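Student: okay, predicted coordinates and the sequence, questions at the end:
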Amino acid sequence: MRATNQLALDIAPEVAEALSAGRPVVALESTIVTHGMPYPQNVETARAVEARIRAEGAVPATIAVLKGRIKVGLTDEDLEALVKDPDCVKASGRDLAVAMTRLQSAGTTVSSTMLIAARAGIRVFATGGIGGVHRGAEETFDISADLTELGATEVAVVCAGMKSILDIPKTLEYLETMRVPVVAYGTNAFPAFFARESGLAADHRLDTPQELAAAISAHMTLGTGTGFLVANPVPEGDAIPSEEIDGVIADAVAEAAKKGISRKEVTPFLLDRINRATEGRSLKANIALVLNNAGLAAQIAAAMSKADR
Ligand code: PSU
């Protein structure tokens with residue numbers, strides 16, 4: 001009988017082999033696929049992101065829950081089954097146990113993906129944007145579990161900052177409180193997802209994947225137990241300036257409040273409204289920045305595995 005304290009992960013053979021040989025592996029989340037982008041761009045992006053990671057010499061490990069089983073590395077059939085499951089839920093770390101018990105399928109958020117990546121021994125994870133402190137959190141207390149996970153789990157997360165659907169200054173304050181290093185790549189500015197700048201500075205700047213890899217390794221050696229956030233600005237040609245996108249975001253936030261959308265429904269609702277209002281331009285930027293983050297994450301993972309040898 002399996003010991004009750006052992007977590008059963010279905011680790012794809014390619015991922016398991018790479019991990020045991022010390023080759024670079026990059027974890028990927030799946031909420032972006034199940035709740036963050038429309039079909040078929042979600043599936044196309046998931047495949048393109050995996051291809052980008054392979055092109056950089058690393059192995060992609062997309063994480064999701066399929067009929068109650070935690071998967072680390074998805075086959076093409078797994079990916080199709082995930083997006084076609086009408087009962088697929090969005091699972092942050094705290095939702096995993098119930099999804100496993102009820103044999104549900106779930107897209108994993110940054111929080112649950114970090115948790116599972118850490119259990120699988122994966123140190124680097126690429127996503128689009130992280131969740132954060134929502135606007136009006138002083139009333140609603142809506143703070144993404146992504147932030148508490150970053151304060152509790154030793155995985156480096158490469159993102160393009162966060163959307164201004166969130167309160168970015170409060171999110172950065174929260175990350176400071178949670179002892180999470182926030183490092184911008186090649187810039188002093190903390191990026192705001194669609195826009196390359198949020199008007200706020202990141203705490204630190206590093207300019208090469210090798211430096212990022214060294215800093216992440218050093219952070220893990222310190223044993224703080226916390227994550228490490230790499231903020232990689234959207235590529236210049238795909239950025240949407242704040243002046244253009246902020247009005248759209250403000251309208252979406254107002255509509256969510258009017259409709260009484262709350263809790264875990266807020267982020268998917270806002271993403272959908274913004275995609276529609278910009279007629280696909282925001283989606284194009286979203287895809288570009290995820291690919292860009294995947295490439296950087298793979299370079300970091302490769303540098304970390306080289307340094308381990
Ligand atoms: N931000 C985006 N796109 C996304 C998400 C956030 O721009 O797809 C997803 C991520 O999976 C993130 C989750 O972890 O939403 C955060 O949800 P919440 O705010 O409910 O914690």
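Tutor: Happy to help now that I have it. Numbering: from 1, shown residues only.
Student: spell out which parts of the protein neighbour the ligand.
Tutor: 29, 31-32, 36, 92, 109-110, 128-131, 144-146, 163, 193, 264, 267, 271 (C-beta under 6 Å from any ligand atom). C-beta here means a position set from N, CA and C on the backbone, and glycine is covered the same way.
Student: strands of the stretch 1-150 of the chain, start to end?
Tutor: 9-11, 25-28, 59-66, 69-72, 89-91, 106-108, 124-126 (DSSP state E, counting those that start in this stretch).
Student: direction included, what does the longest one pair against?
Tutor: Meaning strand 59-66. Neighbouring strands of strand 59-66 in its sheet, by DSSP bridges, are strand 25-28 (parallel), strand 69-72 (antiparallel), strand 106-108 (antiparallel).
Student: using CSV, write out every CA atom in the first one.
Tutor: Once side chains and other backbone atoms are set aside, the C-alpha atoms of strand 25-28 remain, and they are given as CSV (Å, rounded to 0.1, in the frame of the first residue of the first chain):
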residue,chain,number,x,y,z
VAL,A,25,13.3,21.4,-17.3
VAL,A,26,10.8,24.2,-17.3
ALA,A,27,7.4,23.9,-15.7
LEU,A,28,4.3,25.5,-17.3
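Student: please pull up the helix or strand immediately following it.
Tutor: Next helix or strand after strand 25-28 toward the C-terminus (DSSP states H and E): helix 31.
Student: which one of the strands of the stretch 1-150 of the chain lies nearest to residue 253?
Tutor: Closest to residue 253 of those is strand 89-91 (C-beta to C-beta; 19.1 Å).
Student: what about the residue lying closest to residue 252 once chain neighbours are set aside, which SS state?
Tutor: Distances taken as C-beta to C-beta, 6 or more residues apart in numbering place residue 273 nearest to residue 252, at 3.9 Å, with adjacent residues excluded. Judged by DSSP: H, G, I helix; E, B strand; the rest coil, the three-state class of residue 273 is helix.
Student: from residue 151, how far out is residue 273?
Tutor: Plainly put, residue 273 is 30 Å away from residue 151 if you go by C-beta to C-beta, to the nearest Å.
Student: more neighbours: these two, which one.
Tutor: Set residue 273 next to residue 151 and count neighbours by other C-beta atoms under 10 Å: residue 273 wins out with 20 against 17.
Student: was I right to think the more buried one contacts residue 253?
Tutor: No - with contacts counted by C-beta atoms under 8 Å, residue 273 stays clear of residue 253, the gap being 9.0 Å.
Student: one step back: with mean pLDDT and mean neighbour count added, can I get the strands of the stretch 1-150 of the chain in TSV?
Tutor: Shown next, in TSV, are these (pLDDT from 0 to 100; neighbours: other C-beta atoms under 10 Å):
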stretch	mean pLDDT	mean neighbour count
strand 9-11	97	18
strand 25-28	98	30
strand 59-66	98	26
strand 69-72	98	22
strand 89-91	97	22
strand 106-108	98	29
strand 124-126	98	30
